[in-house]
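Student: I would like to see how this sequence folds:
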Amino acid sequence: MPQDVDKAAKLKEDGNHHFQAGDYIGAESLYSKAIIADDTNPLLYTNRAMARIRLELYDSAISDCQACLKLSHGNMKAYFYLSQCQLAIRDYDAALDNALHAHRLCVETNDRSLGPVTNQVLRCKKERWEEREKRRTREAQDLENEAVALMERERDDVVNSCTTALDKKLVAEEWDQKISILRETFEKSRAASEQRRKVPDWAIDDISFGIMVDPVITKTGKSYERASIMEHLRRHPIDPLTREPLYPSELRSNLQLREACQEFLDQNGWAVDW
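Tutor: Numbering: from 1, shown residues only. This is a model prediction of the structure:
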């Protein structure tokens, strides 16, 4: 079927007006018609994905992002929207992978969406950590219940083997004390694992005051979150600390600090909201 580029462009423009007005159903319909007119334009798929996300049609939006990436593998928006959809359906690992892919593309192209994409990376890390914590808590509770049940059965067997009432009483008290110690041990372990540690100063960005995901270092040796310092330099091309001229080309990735922040976030997902 021949492509009608002009018709598709007009439908896309109309769809944008509907989207901006909050009519996501109308926007989605117009973007669909634009794709019928020209199914080779990757931007039409990301526009429809954006409308479908607002309508919570996540599976359909994922299909749009994948279609876009077949046409344009390096499309940052497709990875960004794909991450949002996967996070909504709780596919945490895939959501984080695609958020990080979108982040890399933002850095490579100096895209202005670096701030929102960085926030998406943090959100993915937090929600993945929370899900893992819930699973760990459930597994620990199941383990405690199983251990206590085993001890209670063994206690009952030993008590039933006793020949006198006094022996039964003493044995039962001894086993009840063991079970109590076991429960206290699990409780102490829970308290220790749930205790929130303070975020170390070296992990905090002095511009946004959030934990860093992709720290970069200036020529004076000071590190900032890439998204924060890039936004600062767009408005004021000066070093926030020394007030001397500073340009994006002078920033360098702080790989050692990035690895340290990554390790801290993996173990302390709560720190995203610090």
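Student: For the chain, give me the ranges with low pLDDT.
Tutor: 1, 191-197, 274 (pLDDT under 70).
Student: What ranges does the chain have for its strands?
Tutor: 215-217, 223-225, 252-253 (DSSP state E).
Student: and A94, what does it touch?
Tutor: Residues counted as contacts of A94 (Cβ atoms under 8 Å, 6 or more residues apart in numbering) are S83, Q86. Any C-beta I mention is one placed from the backbone N, CA and C, and that applies to glycine too.
Student: Next one: it relative to K33, how far apart?
Tutor: 30 Å (Cβ to Cβ, to the nearest Å).
Student: now swap in A49 and tell me
Tutor: 16 Å.
Student: So these two - more neighbours on which side?
Tutor: More crowded of A49 and K33, by other Cβ atoms under 10 Å: A49, with 30 against 17.
Student: got the contact list for the closest residue to the more buried one other than its chain neighbours?
Tutor: In this structure, A49 finds its nearest non-sequential neighbour in D64, 3.8 Å apart by Cβ to Cβ, 6 or more residues apart in numbering. Each residue near D64 by Cβ under 8 Å, 6+ apart is listed here: Y45, T46, R48, A49, R52, Y81.
Student: Nearest to V171, out of these: which one, please.
Tutor: Y81 (64.4 Å; Cβ to Cβ).
Student: who's in contact with the closest one?
Tutor: Taking Cβ under 8 Å, 6+ apart, we find Y81 in contact with T46, A49, M50, I53, A61, D64, C65.
Student: Generate JSON lines for those, with distance to P245 as supplementary columns.
Tutor: Output for those, formatted as JSON lines (distance: Cβ to Cβ, whole Å):
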{"residue": "T46", "distance to P245": "37"}
{"residue": "A49", "distance to P245": "40"}
{"residue": "M50", "distance to P245": "38"}
{"residue": "I53", "distance to P245": "40"}
{"residue": "A61", "distance to P245": "43"}
{"residue": "D64", "distance to P245": "43"}
{"residue": "C65", "distance to P245": "40"}
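Student: From those residues, pick the one nearest N75.
Tutor: T46 (6.7 Å).
Student: now the helices for the stretch 101-250 of the chain?
Tutor: Using DSSP state H, counting those that start in this stretch, the helices of the stretch 101-250 of the chain run over 114-161, 165-194, 226-235.
Student: ranking those helices by burial, who's on top?
Tutor: helix 226-235 (a mean of 19; mean count of other Cβ atoms under 10 Å).
Student: That one packs against which elements?
Tutor: Helix 226-235 sits against helix 114-161, strand 215-217, with contacts defined as 3 or more Cβ pairs under 8 Å, 6 or more residues apart in numbering; DSSP states H and E.
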